[in-house]
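In: What follows is a protein structure lacking sequence information:
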(Lines give C-alpha, C1' and ligand atoms only; values in the text may rest on other atoms or scores of the structure.)
Protein backbone atom coordinates (compact mmCIF):
# COMPACT_ATOMS: atom_id res chain seq x y z
CA UNK A 1 0.00 0.00 0.00
CA UNK A 2 1.28 3.47 -0.81
CA UNK A 3 2.22 5.81 2.05
CA UNK A 4 -0.44 8.41 1.31
CA UNK A 5 -3.17 5.78 0.91
CA UNK A 6 -2.08 4.27 4.24
CA UNK A 7 -2.29 7.68 5.90
CA UNK A 8 -5.77 8.27 4.47
CA UNK A 9 -6.89 4.88 5.78
CA UNK A 10 -5.32 5.53 9.21
CA UNK A 11 -7.24 8.82 9.44
CA UNK A 12 -10.45 6.88 8.75
CA UNK A 13 -11.09 8.89 5.55
CA UNK A 14 -12.79 7.56 2.45
CA UNK A 15 -12.18 8.77 -1.11
CA UNK A 16 -15.58 8.96 -2.80
CA UNK A 17 -16.54 7.42 -6.13
CA UNK A 18 -16.51 9.74 -9.16
CA UNK A 19 -19.29 12.30 -9.40
CA UNK A 20 -22.60 10.69 -10.42
CA UNK A 21 -23.44 13.24 -13.10
CA UNK A 22 -27.03 14.45 -12.55
CA UNK A 23 -29.50 13.62 -15.38
CA UNK A 24 -29.44 16.13 -18.25
CA UNK A 25 -25.93 17.37 -17.36
CA UNK A 26 -23.07 16.82 -19.81
CA UNK A 27 -19.50 17.43 -18.61
CA UNK A 28 -17.16 17.00 -21.59
CA UNK A 29 -13.87 17.19 -19.69
CA UNK A 30 -11.83 14.98 -17.34
CA UNK A 31 -11.61 15.32 -13.53
CA UNK A 32 -7.88 15.75 -13.92
CA UNK A 33 -5.94 16.76 -17.02
CA UNK A 34 -2.40 15.39 -17.21
CA UNK A 35 0.07 17.46 -19.24
CA UNK A 36 3.74 16.64 -18.70
CA UNK A 37 4.36 16.56 -14.96
CA UNK A 38 1.38 18.79 -14.23
CA UNK A 39 -1.98 17.42 -13.11
CA UNK A 40 -4.55 20.17 -13.52
CA UNK A 41 -7.71 19.54 -11.51
CA UNK A 42 -11.13 20.56 -12.83
CA UNK A 43 -13.51 22.44 -10.57
CA UNK A 44 -14.75 19.93 -8.01
CA UNK A 45 -17.61 20.02 -5.53
CA UNK A 46 -18.24 18.09 -2.29
CA UNK A 47 -19.34 14.46 -2.72
CA UNK A 48 -20.78 11.71 -0.59
CA UNK A 49 -18.88 8.40 -0.67
CA UNK A 50 -21.19 7.09 -3.45
CA UNK A 51 -20.44 10.09 -5.73
CA UNK A 52 -23.70 11.97 -5.18
CA UNK A 53 -23.50 15.66 -4.27
CA UNK A 54 -23.03 16.34 -0.56
CA UNK A 55 -25.48 18.70 1.07
CA UNK A 56 -26.42 21.28 2.30
CA UNK A 57 -26.65 23.20 -0.98
CA UNK A 58 -26.87 26.98 -1.35
CA UNK A 59 -25.06 30.10 -0.21
CA UNK A 60 -22.76 30.18 2.79
CA UNK A 61 -23.95 32.90 5.15
CA UNK A 62 -27.55 32.31 4.10
CA UNK A 63 -28.42 28.64 3.49
CA UNK A 64 -25.20 27.09 4.79
CA UNK A 65 -23.25 27.83 8.00
CA UNK A 66 -19.51 28.45 8.08
CA UNK A 67 -19.08 25.14 9.96
CA UNK A 68 -21.01 23.24 7.28
CA UNK A 69 -19.03 25.10 4.61
CA UNK A 70 -15.78 24.00 6.26
CA UNK A 71 -16.96 20.38 6.21
CA UNK A 72 -18.06 20.67 2.56
CA UNK A 73 -14.62 22.04 1.63
CA UNK A 74 -13.05 19.03 3.37
CA UNK A 75 -15.34 16.69 1.38
CA UNK A 76 -14.30 18.55 -1.77
CA UNK A 77 -10.69 17.76 -0.91
CA UNK A 78 -11.50 14.06 -0.55
CA UNK A 79 -13.32 14.10 -3.90
CA UNK A 80 -10.28 15.74 -5.51
CA UNK A 81 -7.99 13.10 -4.01
CA UNK A 82 -10.29 10.44 -5.48
CA UNK A 83 -9.83 11.98 -8.92
CA UNK A 84 -6.06 12.24 -8.50
CA UNK A 85 -5.91 8.63 -7.30
CA UNK A 86 -7.77 7.48 -10.43
CA UNK A 87 -5.60 9.64 -12.73
CA UNK A 88 -2.17 9.01 -11.22
CA UNK A 89 -2.72 5.48 -9.93
CA UNK A 90 -0.77 6.27 -6.74
CA UNK A 91 -1.04 9.48 -4.69
CA UNK A 92 2.62 9.00 -3.64
CA UNK A 93 3.55 10.28 -7.10
CA UNK A 94 2.45 13.79 -6.08
CA UNK A 95 5.62 15.80 -5.45
CA UNK A 96 3.96 19.10 -4.67
CA UNK A 97 0.68 20.94 -4.49
CA UNK A 98 0.88 24.02 -6.68
CA UNK A 99 -2.27 26.10 -6.57
CA UNK A 100 -5.78 26.01 -5.15
CA UNK A 101 -8.64 28.26 -6.15
CA UNK A 102 -11.39 28.04 -3.56
CA UNK A 103 -14.81 29.30 -4.59
CA UNK A 104 -17.54 29.81 -2.00
CA UNK A 105 -21.15 30.33 -3.04
CA UNK A 106 -21.59 33.45 -0.92
CA UNK A 107 -24.42 35.48 0.52
CA UNK A 108 -23.89 39.15 -0.42
CA UNK A 109 -22.45 40.06 2.98
CA UNK A 110 -20.51 36.88 3.69
CA UNK A 111 -16.82 37.64 4.17
CA UNK A 112 -15.26 34.59 5.82
CA UNK A 113 -14.43 32.57 2.69
CA UNK A 114 -10.98 31.68 4.11
CA UNK A 115 -12.56 29.91 7.12
CA UNK A 116 -14.57 27.76 4.71
CA UNK A 117 -11.70 26.83 2.40
CA UNK A 118 -9.54 26.00 5.44
CA UNK A 119 -11.50 22.71 5.49
CA UNK A 120 -9.72 21.86 2.27
CA UNK A 121 -6.26 23.25 3.12
CA UNK A 122 -6.10 21.57 6.52
CA UNK A 123 -7.03 18.20 5.00
CA UNK A 124 -4.28 18.49 2.38
CA UNK A 125 -1.67 19.49 4.96
CA UNK A 126 -2.80 16.67 7.30
CA UNK A 127 -2.35 14.12 4.53
CA UNK A 128 0.67 15.44 2.60
CA UNK A 129 2.55 17.39 5.26
CA UNK A 130 3.92 20.92 5.00
CA UNK A 131 6.43 20.44 2.17
CA UNK A 132 4.41 18.48 -0.43
CA UNK A 133 1.07 19.85 0.79
CA UNK A 134 2.07 23.53 0.65
CA UNK A 135 -0.10 25.41 -1.85
CA UNK A 136 -0.80 28.92 -3.08
CA UNK A 137 -4.45 29.74 -2.44
CA UNK A 138 -7.30 32.15 -3.03
CA UNK A 139 -10.67 31.83 -1.26
CA UNK A 140 -13.33 34.06 -2.78
CA UNK A 141 -17.07 34.63 -3.05
CA UNK A 142 -19.01 33.54 -6.13
CA UNK A 143 -22.44 34.76 -7.22
CA UNK A 144 -23.56 31.24 -8.15
CA UNK A 145 -22.18 27.72 -8.56
CA UNK A 146 -23.42 24.78 -10.67
CA UNK A 147 -26.28 22.81 -9.11
CA UNK A 148 -26.21 25.27 -6.18
CA UNK A 149 -23.21 23.57 -4.55
CA UNK A 150 -21.84 25.66 -1.68
CA UNK A 151 -18.15 25.12 -2.47
CA UNK A 152 -16.15 24.46 -5.63
CA UNK A 153 -12.36 24.14 -5.78
CA UNK A 154 -9.96 23.79 -8.69
CA UNK A 155 -6.22 23.36 -8.49
CA UNK A 156 -2.98 21.90 -9.72
CA UNK A 157 -0.36 19.48 -8.44
CA UNK A 158 2.95 18.38 -9.90
CA UNK A 159 3.90 14.71 -9.88
CA UNK A 160 6.67 12.23 -10.64
CA UNK A 161 6.25 11.18 -14.29
CA UNK B 1 -2.66 25.25 -45.02
CA UNK B 2 -2.31 23.88 -41.53
CA UNK B 3 -4.49 20.95 -40.48
CA UNK B 4 -6.36 22.84 -37.77
CA UNK B 5 -6.97 25.84 -40.04
CA UNK B 6 -8.30 23.45 -42.70
CA UNK B 7 -10.64 21.86 -40.19
CA UNK B 8 -11.91 25.26 -39.06
CA UNK B 9 -12.58 26.21 -42.69
CA UNK B 10 -14.30 22.87 -43.38
CA UNK B 11 -16.63 23.46 -40.42
CA UNK B 12 -17.53 26.84 -41.93
CA UNK B 13 -16.19 28.67 -38.87
CA UNK B 14 -14.57 32.12 -38.91
CA UNK B 15 -11.95 33.37 -36.44
CA UNK B 16 -12.87 36.97 -35.60
CA UNK B 17 -10.58 39.97 -35.75
CA UNK B 18 -9.03 41.15 -32.45
CA UNK B 19 -11.34 42.87 -29.97
CA UNK B 20 -12.15 46.41 -31.06
CA UNK B 21 -11.48 48.00 -27.68
CA UNK B 22 -14.45 50.22 -26.73
CA UNK B 23 -13.68 53.96 -26.40
CA UNK B 24 -12.28 54.94 -23.01
CA UNK B 25 -11.14 51.38 -22.23
CA UNK B 26 -7.41 50.66 -21.83
CA UNK B 27 -6.25 47.03 -21.73
CA UNK B 28 -2.50 46.99 -21.01
CA UNK B 29 -1.91 43.26 -21.58
CA UNK B 30 -1.71 40.85 -24.53
CA UNK B 31 -4.46 38.45 -25.66
CA UNK B 32 -1.99 35.62 -25.16
CA UNK B 33 1.18 35.62 -23.05
CA UNK B 34 3.90 33.27 -24.28
CA UNK B 35 6.29 31.99 -21.60
CA UNK B 36 8.42 29.00 -22.62
CA UNK B 37 6.09 26.39 -24.11
CA UNK B 38 3.06 27.78 -22.30
CA UNK B 39 0.57 30.12 -23.95
CA UNK B 40 -1.53 31.72 -21.23
CA UNK B 41 -4.74 33.21 -22.55
CA UNK B 42 -6.20 36.40 -21.09
CA UNK B 43 -9.88 36.54 -20.19
CA UNK B 44 -11.78 36.67 -23.47
CA UNK B 45 -15.38 37.47 -24.33
CA UNK B 46 -17.56 36.58 -27.32
CA UNK B 47 -16.85 38.56 -30.51
CA UNK B 48 -18.50 39.13 -33.85
CA UNK B 49 -16.29 38.48 -36.90
CA UNK B 50 -15.33 42.19 -37.03
CA UNK B 51 -14.08 42.20 -33.41
CA UNK B 52 -17.04 43.98 -31.85
CA UNK B 53 -18.65 42.42 -28.77
CA UNK B 54 -21.27 39.78 -29.59
CA UNK B 55 -24.68 40.20 -27.98
CA UNK B 56 -26.89 39.62 -26.03
CA UNK B 57 -25.22 41.21 -23.02
CA UNK B 58 -26.19 40.70 -19.38
CA UNK B 59 -26.83 37.87 -16.93
CA UNK B 60 -27.62 34.33 -18.01
CA UNK B 61 -30.87 33.26 -16.40
CA UNK B 62 -32.17 36.82 -16.51
CA UNK B 63 -31.18 38.74 -19.67
CA UNK B 64 -29.68 35.85 -21.62
CA UNK B 65 -31.03 32.31 -22.17
CA UNK B 66 -28.94 29.17 -21.66
CA UNK B 67 -29.08 28.57 -25.43
CA UNK B 68 -27.77 32.06 -26.17
CA UNK B 69 -25.15 31.58 -23.45
CA UNK B 70 -24.01 28.35 -25.11
CA UNK B 71 -23.65 30.17 -28.43
CA UNK B 72 -21.74 33.04 -26.78
CA UNK B 73 -19.33 30.55 -25.18
CA UNK B 74 -18.77 29.05 -28.64
CA UNK B 75 -18.05 32.53 -30.03
CA UNK B 76 -15.64 33.07 -27.12
CA UNK B 77 -13.81 29.93 -28.21
CA UNK B 78 -13.48 31.25 -31.77
CA UNK B 79 -12.17 34.58 -30.43
CA UNK B 80 -9.61 32.71 -28.33
CA UNK B 81 -8.51 30.70 -31.36
CA UNK B 82 -8.08 33.97 -33.26
CA UNK B 83 -5.73 35.21 -30.53
CA UNK B 84 -3.79 31.93 -30.47
CA UNK B 85 -3.50 32.01 -34.28
CA UNK B 86 -2.04 35.53 -34.13
CA UNK B 87 0.35 34.61 -31.28
CA UNK B 88 1.55 31.20 -32.47
CA UNK B 89 1.30 31.73 -36.23
CA UNK B 90 -0.06 28.21 -36.71
CA UNK B 91 -2.67 26.48 -34.52
CA UNK B 92 -1.04 23.13 -35.38
CA UNK B 93 1.70 24.06 -32.90
CA UNK B 94 -0.75 23.50 -30.03
CA UNK B 95 0.17 20.16 -28.43
CA UNK B 96 -2.41 20.22 -25.66
CA UNK B 97 -5.09 22.28 -23.99
CA UNK B 98 -4.28 22.60 -20.31
CA UNK B 99 -6.92 24.53 -18.39
CA UNK B 100 -10.10 26.51 -19.00
CA UNK B 101 -11.79 28.78 -16.51
CA UNK B 102 -15.32 29.52 -17.69
CA UNK B 103 -17.06 32.50 -16.12
CA UNK B 104 -20.79 33.03 -16.60
CA UNK B 105 -22.41 36.34 -15.68
CA UNK B 106 -25.14 34.73 -13.60
CA UNK B 107 -28.53 35.65 -12.24
CA UNK B 108 -28.60 34.88 -8.48
CA UNK B 109 -30.46 31.61 -8.95
CA UNK B 110 -28.84 30.43 -12.17
CA UNK B 111 -27.14 27.08 -11.68
CA UNK B 112 -26.47 25.65 -15.14
CA UNK B 113 -23.07 27.27 -15.83
CA UNK B 114 -21.72 23.96 -17.23
CA UNK B 115 -24.38 23.91 -19.99
CA UNK B 116 -23.22 27.39 -21.05
CA UNK B 117 -19.49 26.67 -21.06
CA UNK B 118 -20.13 23.44 -22.99
CA UNK B 119 -20.42 25.73 -26.04
CA UNK B 120 -16.71 26.36 -25.63
CA UNK B 121 -15.62 22.84 -24.70
CA UNK B 122 -17.50 21.18 -27.52
CA UNK B 123 -15.98 23.58 -30.06
CA UNK B 124 -12.45 22.85 -28.82
CA UNK B 125 -13.03 19.08 -28.90
CA UNK B 126 -14.58 19.31 -32.38
CA UNK B 127 -11.54 21.15 -33.72
CA UNK B 128 -8.66 19.56 -31.77
CA UNK B 129 -10.03 16.07 -31.01
CA UNK B 130 -10.02 14.30 -27.64
CA UNK B 131 -6.26 14.07 -27.02
CA UNK B 132 -5.03 17.61 -27.84
CA UNK B 133 -8.40 19.21 -27.02
CA UNK B 134 -8.76 17.62 -23.57
CA UNK B 135 -8.83 20.31 -20.86
CA UNK B 136 -9.38 20.73 -17.12
CA UNK B 137 -12.34 23.02 -16.58
CA UNK B 138 -14.39 25.03 -14.11
CA UNK B 139 -17.66 26.74 -15.05
CA UNK B 140 -18.85 29.16 -12.39
CA UNK B 141 -21.15 32.12 -11.74
CA UNK B 142 -19.78 35.66 -11.57
CA UNK B 143 -21.47 38.68 -9.98
CA UNK B 144 -20.44 40.93 -12.89
CA UNK B 145 -18.26 40.93 -16.00
CA UNK B 146 -16.63 43.81 -17.91
CA UNK B 147 -18.95 45.65 -20.30
CA UNK B 148 -21.77 43.34 -19.14
CA UNK B 149 -20.61 40.47 -21.35
CA UNK B 150 -22.45 37.24 -20.53
CA UNK B 151 -19.44 34.92 -20.75
CA UNK B 152 -15.71 35.31 -20.20
CA UNK B 153 -13.16 32.51 -20.45
CA UNK B 154 -9.44 32.36 -19.68
CA UNK B 155 -7.15 29.40 -20.19
CA UNK B 156 -3.83 27.90 -21.10
CA UNK B 157 -2.43 25.69 -23.85
CA UNK B 158 1.00 24.16 -24.33
CA UNK B 159 2.66 24.30 -27.74
CA UNK B 160 5.64 23.14 -29.79
CA UNK B 161 8.35 25.81 -29.38
CA UNK C 1 21.14 47.02 -4.63
CA UNK C 2 19.21 45.04 -7.19
CA UNK C 3 17.95 46.83 -10.30
CA UNK C 4 14.26 46.31 -9.54
CA UNK C 5 14.64 47.37 -5.91
CA UNK C 6 16.48 50.49 -7.10
CA UNK C 7 13.65 51.28 -9.53
CA UNK C 8 11.04 50.83 -6.79
CA UNK C 9 13.02 53.20 -4.52
CA UNK C 10 13.43 55.74 -7.35
CA UNK C 11 9.67 55.73 -7.92
CA UNK C 12 9.22 56.50 -4.20
CA UNK C 13 7.28 53.27 -3.66
CA UNK C 14 7.27 51.20 -0.49
CA UNK C 15 6.73 47.44 -0.27
CA UNK C 16 4.50 46.81 2.74
CA UNK C 17 5.14 44.37 5.56
CA UNK C 18 3.35 41.00 5.40
CA UNK C 19 -0.40 40.98 6.05
CA UNK C 20 -1.16 41.40 9.75
CA UNK C 21 -3.67 38.56 9.91
CA UNK C 22 -6.85 39.82 11.63
CA UNK C 23 -7.71 38.13 14.96
CA UNK C 24 -9.61 34.88 14.58
CA UNK C 25 -8.42 34.37 10.97
CA UNK C 26 -6.19 31.40 10.14
CA UNK C 27 -4.47 31.31 6.74
CA UNK C 28 -2.67 27.96 6.41
CA UNK C 29 -0.78 28.72 3.17
CA UNK C 30 2.20 30.81 2.05
CA UNK C 31 2.02 34.19 0.27
CA UNK C 32 4.01 32.64 -2.56
CA UNK C 33 4.44 28.95 -3.37
CA UNK C 34 7.71 28.07 -5.10
CA UNK C 35 7.62 24.97 -7.31
CA UNK C 36 10.52 24.58 -9.72
CA UNK C 37 10.94 27.89 -11.54
CA UNK C 38 7.35 28.90 -10.92
CA UNK C 39 6.33 31.26 -8.11
CA UNK C 40 2.59 30.97 -7.65
CA UNK C 41 1.12 33.89 -5.75
CA UNK C 42 -1.79 33.45 -3.33
CA UNK C 43 -4.76 35.79 -3.52
CA UNK C 44 -3.57 39.12 -2.16
CA UNK C 45 -5.42 42.24 -1.07
CA UNK C 46 -4.32 45.88 -0.72
CA UNK C 47 -2.15 46.66 2.31
CA UNK C 48 -0.89 49.73 4.12
CA UNK C 49 2.89 49.88 4.66
CA UNK C 50 2.49 48.31 8.12
CA UNK C 51 0.62 45.26 6.75
CA UNK C 52 -2.88 46.27 7.84
CA UNK C 53 -5.66 46.16 5.24
CA UNK C 54 -5.91 49.31 3.14
CA UNK C 55 -9.30 50.97 2.93
CA UNK C 56 -11.93 51.75 1.68
CA UNK C 57 -13.54 48.33 1.99
CA UNK C 58 -16.65 47.16 0.15
CA UNK C 59 -18.01 46.93 -3.38
CA UNK C 60 -16.66 49.01 -6.25
CA UNK C 61 -19.54 50.90 -7.83
CA UNK C 62 -21.31 51.13 -4.48
CA UNK C 63 -18.96 51.69 -1.51
CA UNK C 64 -15.74 52.32 -3.46
CA UNK C 65 -15.15 54.54 -6.52
CA UNK C 66 -13.31 53.38 -9.64
CA UNK C 67 -10.48 55.78 -8.77
CA UNK C 68 -10.15 54.32 -5.27
CA UNK C 69 -10.38 50.83 -6.76
CA UNK C 70 -7.50 51.65 -9.13
CA UNK C 71 -5.40 52.83 -6.19
CA UNK C 72 -6.27 49.70 -4.16
CA UNK C 73 -5.22 47.50 -7.09
CA UNK C 74 -1.90 49.37 -7.17
CA UNK C 75 -1.45 48.77 -3.44
CA UNK C 76 -2.25 45.09 -4.05
CA UNK C 77 0.60 45.03 -6.57
CA UNK C 78 3.01 46.48 -4.00
CA UNK C 79 1.86 43.91 -1.43
CA UNK C 80 2.46 41.14 -3.97
CA UNK C 81 5.94 42.48 -4.69
CA UNK C 82 6.64 42.44 -0.97
CA UNK C 83 5.72 38.73 -0.87
CA UNK C 84 7.84 37.96 -3.92
CA UNK C 85 10.78 39.88 -2.42
CA UNK C 86 10.55 37.80 0.77
CA UNK C 87 10.21 34.53 -1.18
CA UNK C 88 12.82 35.08 -3.89
CA UNK C 89 15.25 37.28 -1.96
CA UNK C 90 15.80 39.46 -5.03
CA UNK C 91 13.10 40.67 -7.44
CA UNK C 92 15.71 40.68 -10.24
CA UNK C 93 15.33 36.90 -10.34
CA UNK C 94 11.87 37.33 -11.92
CA UNK C 95 12.27 36.50 -15.62
CA UNK C 96 8.63 36.94 -16.60
CA UNK C 97 5.17 37.60 -15.31
CA UNK C 98 2.87 34.78 -16.40
CA UNK C 99 -0.72 35.32 -15.33
CA UNK C 100 -2.81 37.69 -13.25
CA UNK C 101 -6.35 37.05 -12.07
CA UNK C 102 -7.90 40.32 -10.93
CA UNK C 103 -10.99 40.07 -8.76
CA UNK C 104 -13.10 43.14 -8.05
CA UNK C 105 -15.74 43.10 -5.30
CA UNK C 106 -18.47 44.45 -7.57
CA UNK C 107 -21.83 46.13 -7.21
CA UNK C 108 -24.39 44.22 -9.34
CA UNK C 109 -24.22 46.72 -12.18
CA UNK C 110 -20.53 47.57 -12.06
CA UNK C 111 -18.86 46.77 -15.37
CA UNK C 112 -15.50 48.55 -15.39
CA UNK C 113 -13.38 45.90 -13.64
CA UNK C 114 -10.55 46.42 -16.19
CA UNK C 115 -10.17 50.09 -15.16
CA UNK C 116 -9.70 48.96 -11.56
CA UNK C 117 -7.18 46.20 -12.25
CA UNK C 118 -5.21 48.58 -14.50
CA UNK C 119 -3.85 50.00 -11.23
CA UNK C 120 -2.04 46.70 -10.82
CA UNK C 121 -1.01 46.15 -14.45
CA UNK C 122 0.38 49.64 -14.89
CA UNK C 123 2.48 49.31 -11.72
CA UNK C 124 3.96 46.01 -12.89
CA UNK C 125 4.77 47.40 -16.35
CA UNK C 126 6.28 50.56 -14.81
CA UNK C 127 8.59 48.48 -12.62
CA UNK C 128 9.43 45.49 -14.85
CA UNK C 129 9.04 46.95 -18.35
CA UNK C 130 7.09 45.45 -21.26
CA UNK C 131 9.06 42.20 -21.74
CA UNK C 132 9.37 40.86 -18.17
CA UNK C 133 6.21 42.67 -16.98
CA UNK C 134 3.95 41.35 -19.76
CA UNK C 135 1.14 39.21 -18.28
CA UNK C 136 -2.04 37.44 -19.32
CA UNK C 137 -4.95 38.91 -17.38
CA UNK C 138 -8.60 38.63 -16.44
CA UNK C 139 -10.44 41.32 -14.48
CA UNK C 140 -13.83 40.16 -13.24
CA UNK C 141 -16.60 40.87 -10.74
CA UNK C 142 -16.92 38.85 -7.53
CA UNK C 143 -20.00 38.55 -5.32
CA UNK C 144 -17.90 38.87 -2.15
CA UNK C 145 -14.29 38.92 -0.99
CA UNK C 146 -12.73 38.04 2.38
CA UNK C 147 -12.96 40.79 5.02
CA UNK C 148 -14.85 42.90 2.45
CA UNK C 149 -11.69 43.93 0.62
CA UNK C 150 -12.49 45.68 -2.66
CA UNK C 151 -9.79 44.01 -4.75
CA UNK C 152 -8.01 40.66 -4.62
CA UNK C 153 -5.42 39.47 -7.13
CA UNK C 154 -3.64 36.16 -7.59
CA UNK C 155 -0.99 35.35 -10.15
CA UNK C 156 2.19 33.61 -11.21
CA UNK C 157 5.69 34.61 -12.23
CA UNK C 158 8.60 32.56 -13.48
CA UNK C 159 12.08 33.17 -12.07
CA UNK C 160 15.73 32.26 -12.39
CA UNK C 161 16.36 29.25 -10.12
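Out: Thanks, I have it. Here the structure is a predicted model, which means the values were calculated and not measured.
In: Looking at strand pairing, list the partners for residue A:38.
Out: For residue A:38, the beta-bridge partners under DSSP bridges are residue A:35, residue A:158.
In: Distance-wise, check it relative to residue A:104.
Out: Applying Cβ to Cβ, to the nearest Å, the value for residue A:38 to residue A:104 is 25 Å. Where C-beta positions appear, they are placed from N, C-alpha and C, glycine not excepted.
In: mind listing the strands for chain A?
Out: Assigned by DSSP state E, the strands in chain A fall at A:32-35, A:38-44, A:94-105, A:136-142, A:151-159.
In: can you put these in CSV and add mean neighbour count and mean pLDDT?
Out: Conversion of the strands of chain A to CSV gives the following (neighbours: other Cβ atoms under 10 Å in any protein chain shown; pLDDT from 0 to 100):
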stretch, mean neighbour count, mean pLDDT
strand A:32-35, 20, 98
strand A:38-44, 24, 98
strand A:94-105, 24, 98
strand A:136-142, 26, 98
strand A:151-159, 25, 98
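In: would you turn these into a markdown table with distance to residue C:122?
Out: Conversion of those to a markdown table gives the following (distance: least, Cβ to Cβ, whole Å):
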| stretch | distance to residue C:122 |
| --- | --- |
| strand A:32-35 | 32 |
| strand A:38-44 | 30 |
| strand A:94-105 | 25 |
| strand A:136-142 | 22 |
| strand A:151-159 | 28 |
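In: got a list of contacts for stretch A:102-113?
Out: A:43, A:58-62, A:64, A:66, A:69, A:73, A:116-117, A:120, A:137-145, A:148-154, B:138, B:140, C:143-148 (Cβ atoms under 8 Å, 6 or more residues apart in numbering or on different chains).
In: returning to what we had before: do you know which of the strands of chain A lies nearest residue A:83?
Out: Ranking those by distance to residue A:83, with Cβ to Cβ as the measure, places strand A:32-35 first at 5.0 Å.
In: Now tell me what touches the closest one from outside.
Out: Under the criterion Cβ under 8 Å, 6+ apart, external residues in contact with strand A:32-35 comprise A:39-42, A:83-84, A:86-88, B:96-99, B:134-136, B:158.
In: at 6 Å instead, please
Out: With contacts defined as Cβ atoms under 6 Å, 6 or more residues apart in numbering or on different chains, strand A:32-35 is touched by A:39, A:40, A:41, A:83, A:84, A:87, B:96, B:98, B:134, B:135, B:136, B:158.
In: Likewise for stretch A:42-59?
Out: Contacts of stretch A:42-59 from elsewhere in the structure, counted by Cβ under 6 Å, 6+ apart, are A:14, A:16-20, A:29, A:31, A:64, A:68, A:72, A:75-76, A:79-80, A:105, A:107, A:148-149, A:151-154, B:136-138.
In: list the contacts for residue A:136?
Out: Going by Cβ under 6 Å, 6+ apart, the list of residues near residue A:136 reads A:99, C:33, C:40, C:42.
In: need those residues in TSV with distance to residue C:129, can you?
Out: Formatted as TSV, the entries for these read as follows, by distance: Cβ to Cβ, whole Å:
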residue	distance to residue C:129
A:99	26
C:33	25
C:40	22
C:42	25
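In: Around chain C, which positions in chain A sit nearby?
Out: Proximity of chain A to chain C is confined to A:96, A:98-99, A:106, A:110-111, A:113-114, A:121, A:134-138, A:140-143, A:158 under the rule Cβ under 6 Å from any Cβ of the partner chain.
In: Fine by me, we can end here.
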